[in-house]
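1. no letters, just coordinates:
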């Protein structure tokens, strides 16, 4: 608008200049005639210059005349060599105009907008560059000639011309679903911020895990039987990290994993292993199978070199090592070691005053590895009345003594440099005596029917006694390794014997 008006003004000034520069007509002088033309700005009595230029001149016939013109463009003062400004109305400089009350800026005067008398105020508008415009209060903006709020107007949501779809409202300058009271639009859905776990309290807050949204806050809501531990719902009857109560962690054993059952820690063992009596560690199947069948004494002989006590795993009949080397590779696969005997003439394991020797039924189980010819003795029990009360004798030709009576030679040779599983069973009721080798029946006979074994004697492992803890003949000592010696107060069945042997082979855990 400003440019258009100035263009018009400049065009008018150019036209006036062309008219004033003609070469004939009134006001011009003929050749040879002298004239004096005075072009000066008239002044009022106060000396102020006016914008109306007065031109005074003498015609050719001597008459003098005057003419008045309104200057539309710059004029030159020949004497001063300066250019006077363009003026409008009664001496107003553009864009000012004289609208009867003095010079006004028609670009911004609301009562003379674009020209005198064009009053914007009558329409409640303001003048902007000579044009009446609507005036909007913050935060409204002008869209399609009207003031609108882009924060809430669904036809101009966020800006002019941005219309929301049907069923949507404009919320904070963004189109959103028109939700029922109490609901809020989040991710194109109307939700209850007080109870929705995905939009809890705000559209960008989601509850995690077992949290529920309660009154706009995420809170843990545990199931019956659960409790909160470490900001999580747990079942103390089953959780291995909170077994029975928060913070009670079940230790994970080698060869198995921890478990929590009824609020108590236990273990679940890998194949080839079984839980021990306390259900806290996993035992190789051979040892586990022995323990499950309930021996009255069990010497694994797996102590470290330098230790003196041969521990009874059942707890009542520890022995003492005498000239025994410990730490030889054992027969079981759980890292338990074996004892090496026979390095010295009196090498053995002493178990004195053995009060729990079974009287009327027994089973002796052991593993032996020997390659030396001789009368090697794995197991010797003597009482005052009988040196050979119970005896397993000669690994080159296995024989069994019950109360001094022997089976005689059996032809069972287990001294071949390999591990062999040997089990001897006897019962008083019928005198039945069995010898098993490597899990299978190998010899059977009848010994001392109706007799009973005397308790309280002396037990020696790896050497034969000719008296109670005396009369040790070096020729009858065991030279080799001994491992996993167990004693039962009942007769093992063939299935149990086979199961123990197979367990060591890693084939079963029963």
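-> Now that the structure is in, tell me what you want to look at. Remember, predicted model here, so these are calculated numbers, not experimental data.
2. alpha carbons only for contacts and neighbour counts from here, please
-> Fine.
3. how about the helices in the stretch 351-500 of the chain?
-> Along the stretch 351-500 of the chain, the stretches classed as helices by DSSP state H, counting those that start in this stretch are 494-504.
4. so which residues of it form strands?
-> Secondary structure of the stretch 351-500 of the chain by DSSP state E, counting those that start in this stretch: the strands cover 361-369, 379-383, 386-393, 399-402, 405-406, 419-427, 432-437, 440-446, 457-461, 480-488.
5. can you check which of the ones you listed gets nearest to residue 326?
-> Shortest separation from residue 326 across these is recorded for strand 480-488, at 9.5 Å, computed as CA to CA.
6. what pairs with the closest one, parallel or antiparallel?
-> Taking DSSP bridges as the criterion, strand 480-488 pairs within the sheet with strand 297-299 (antiparallel), strand 337-341 (antiparallel), strand 361-369 (antiparallel).
7. got the contact list for the helix or strand encompassing residue 127?
-> Using DSSP states H and E, residue 127 maps to strand 125-128. Applying CA atoms under 8 Å, 6 or more residues apart in numbering, the set of residues contacting strand 125-128 from outside is 107, 108, 109, 110, 113, 120, 132, 133, 134, 135.
8. would you turn the residues you listed into TSV with secondary structure?
-> Converted to TSV, these look like this (DSSP: H, G, I helix; E, B strand; the rest coil):
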residue	secondary structure
107	coil
108	coil
109	coil
110	coil
113	coil
120	coil
132	strand
133	strand
134	strand
135	coil
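9. show the buried residues in those.
-> Buried residues within those, defined by neighbour count using 16 or more other CA atoms under 10 Å: 107, 108, 109, 110, 113, 120, 132, 133, 134.
10. not counting its neighbours along the chain, what's nearest the second one?
-> Sequence neighbours aside, residue 127 is the residue nearest to residue 108 in space, at 4.8 Å (criterion: CA to CA, 6 or more residues apart in numbering).
11. tell me how far that neighbour lies from residue 99.
-> The gap separating residue 127 from residue 99 is 16 Å, by CA to CA, to the nearest Å.
12. hmm, residue 130 is touching residue 113, no?
-> Yes - using CA atoms under 8 Å, residue 130 and residue 113 qualify as a contacting pair, with a distance of 4.8 Å.
13. shared neighbours of those two, which are they?
-> Residues touching both residue 130 and residue 113 (CA under 8 Å, 6+ apart): 106, 107.
14. what's the closest non-adjacent residue to residue 172?
-> Taking CA to CA, 6+ apart, and ignoring the residues beside it in sequence, residue 172 has residue 151 as its nearest neighbour in space, at 4.7 Å.
15. number of nearby residues for residue 284?
-> Applying other CA atoms under 10 Å, we find 25 other residues in the vicinity of residue 284.
16. phi first, then psi, for it.
-> According to degrees, to the nearest 10, the main-chain angles of residue 284 amount to phi -50, psi 150.
17. now residue 171, nearest residue through space, not along the chain?
-> Of all residues beyond its chain neighbours, the one nearest residue 171 is residue 152 (5.6 Å), with distances taken as CA to CA, 6+ apart.
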